[in-house]
Structures are given as structure tokens and as C-alpha cells.
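In: coords below, sequence missing:
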């Protein structure tokens, strides 16, 4: 998960969301009807996504079930137990795919400086359900009417992402100048899913055909699909979506419901 910088960004975003959504009614603060759904989504899904991300490092090889060909030529289910200096992979049997007898099950041990057999590398694959928080710093809007195509940058564009994820871990040993081996693990992650969130956009007479004769920054609800690729700590995503303007002037906004393409960048620090 992105740590201090991202947390500051999200705190600022949440403060602006609350200030825009809440108004005085008599002597009470109330949430306006048009903001009720976005506020509920932010309250429920964003903390849940953060908790999911904090449970384990996505790019690290964690203990659990994987698919691999390290014991046979075909893909089989294995159980991996990483430790400080060794990674142990246990094979399953055809009769029992759910439990491992650690005293009798075939195993391979990957130490820091010694590979278990004469091979150039080993791979482990894992499939999972992914809940994440995306930032959308760059958007490209195609031409709409008399408005030319635009590239928009903003730090206040974020979304909750839900998708199907595949993680692949390659374990390799490379020889050092001292004629010793050094273990190296490379992680590749692939995910495809949907997202929905909150962002901001500039509203002025140009994008409302003159119906709004002043300039202000309004909130939008970006929704769409995303494909995300991760290599070790670095990740990026390609997004396609539409924006729903959350404002009384939404029917005048030229980009309401119009498609856009976006880019999401991330750095996994957990």
C-alpha cells in the first residue's frame, strides 16, 4: 500500500468530500441527497480496501497454496512456507489435496545460496480476489463537440478497485563474482476488474455551453474497467471509464457520461 504521501492525499480528499457533501439544515449538519451514495461508498469500501492491502505484501512470496511444476511436468498444487533464510515448497498427493504431512511429503528447499536441483529457475502461481485503492493522475478525454481532446492531470482522482488477480513468482539463482549463488525472487502481478470512486474537475462556461457563468471545481464519480500490471514493487494500470458529475449542474456538463482513458501509477511499499 502507498504509505505517508498517499495517506496525506486521501486525508485531504476525504476532507474536501465531507465539506462539499455536508450542509446546515437548521441547527444540524446533514448530507445532501446527491452525495449520500458517494459518502457511503467512501466510508465502507476504502477502509476495507486498506485493511486488505495491509494483511500481506502483494509482491512478496507469502505462505499459502500455489500452482507449480517444480515436482512434476504438469501443474500441481503446492504449499509454500517462506522463512528468513529458506523457502520450503511441499508437494500434495493425488489422494489429499487439502492437507500436508510435513514429515512425509516431498519438499524442495530454496536457501539463500544453494538451489535444490540443477535447474535455472522455479515458478509459483497464485490466483486471488483483489481489492485495492487506485489513484488516477492522468486522463485523456477525446474530442466532444467543439471541445478539443484534453489530457488532464489531477491528484484528487481516486477509486476503489475490485478484480481478479494472478501473481507469478520466479525463483532464480545467479552466480556472484565470489563463485557463490545468490537467490533472487521476481514477482509479476496481473489483474483485471472494475472501479468506482471520487474525483474532481474544473467547471466553467466552456464545458457547460455557457449555462454556468462562473468557474469552480466540482466532484465527479469515475467508473469503469482497469487492467493492472505489477513488477516487484512497481505497478501501473490502464483504465477506461466514464465520469458522472455529482452536482446540480450535471445536465449541462459536456463530458457527462463521455468515455476517457486513464493511467494509474503505484509503488507498493508494504
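Out: Yep, it's here. Here the structure is a predicted model, which is why all the values come from computation and not from measurement.

In: Nearest residue to the spatially most central residue of the chain in space, please, no chain neighbours.
Out: Geometric centre of the chain, nearest residue: residue 132, 4.1 Å, by Cα atoms, centre = their mean. Excluding the flanking residues, the one nearest residue 132 by Cβ to Cβ, 6 or more residues apart in numbering is residue 161, at 4.4 Å. Any C-beta I mention is one placed from the backbone N, CA and C, and that applies to glycine too.

In: and stretch 244-255, which residues are buried?
Out: Residues of stretch 244-255 classed as buried: 244, 245, 246, 247, 250, 252, 253, 255 (neighbour count, 16 or more other Cβ atoms under 10 Å).

In: what about that stretch, average pLDDT?
Out: Mean per-residue pLDDT for stretch 244-255: 87.

In: before we move on, what about stretch 105-121?
Out: On average, the pLDDT along stretch 105-121 is 80.

In: Any chance you could list what contacts it?
Out: For stretch 105-121, contacts defined as Cβ atoms under 8 Å, 6 or more residues apart in numbering pick out 70-71, 85-93, 122, 170-173, 180-183.

In: Just the buried ones from those residues?
Out: The buried subset of the contacts of stretch 105-121 (16+ other Cβ under 10 Å) comprises 70, 87-92, 122, 171-173, 181, 183.

In: Among those, which ones are in strands?
Out: Of the positions in those, 87, 88, 89, 90, 91, 122, 171, 172, 173, 181, 183 sit in strands, assigned by DSSP state E.

In: how far away is the closest residue to residue 240 other than its chain neighbours from residue 148?
Out: Distances taken as Cβ to Cβ, 6+ apart place residue 224 nearest to residue 240, at 5.2 Å, with adjacent residues excluded. Distance of residue 224 to residue 148, computed by Cβ to Cβ, to the nearest Å: 22 Å.

In: Between the two, which is the more surrounded one?
Out: residue 224 (19 against 9; other Cβ atoms under 10 Å).

In: Please list all residues in contact with the more buried one.
Out: Contacts of residue 224 (Cβ under 8 Å, 6+ apart): 194, 195, 239, 240, 241, 242.

In: Restrict those residues to the buried ones and give me that as a PyMOL selection.
Out: Burial among the contacts of residue 224 is assessed by 16+ other Cβ under 10 Å; the matching PyMOL selection reads:
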select buried, resi 195+239+241
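
In: Mind checking which of the contacts of residue 224 are in strands?
Out: With DSSP E as the criterion, strands contain 194, 195, 239, 240, 241, 242 from among those.

In: hang on, isn't the third one packed against residue 262?
Out: Yes. Because the distance of 3.9 Å satisfies Cβ atoms under 8 Å, residue 239 is recorded as touching residue 262.

In: which residues do those two both contact?
Out: residue 136.
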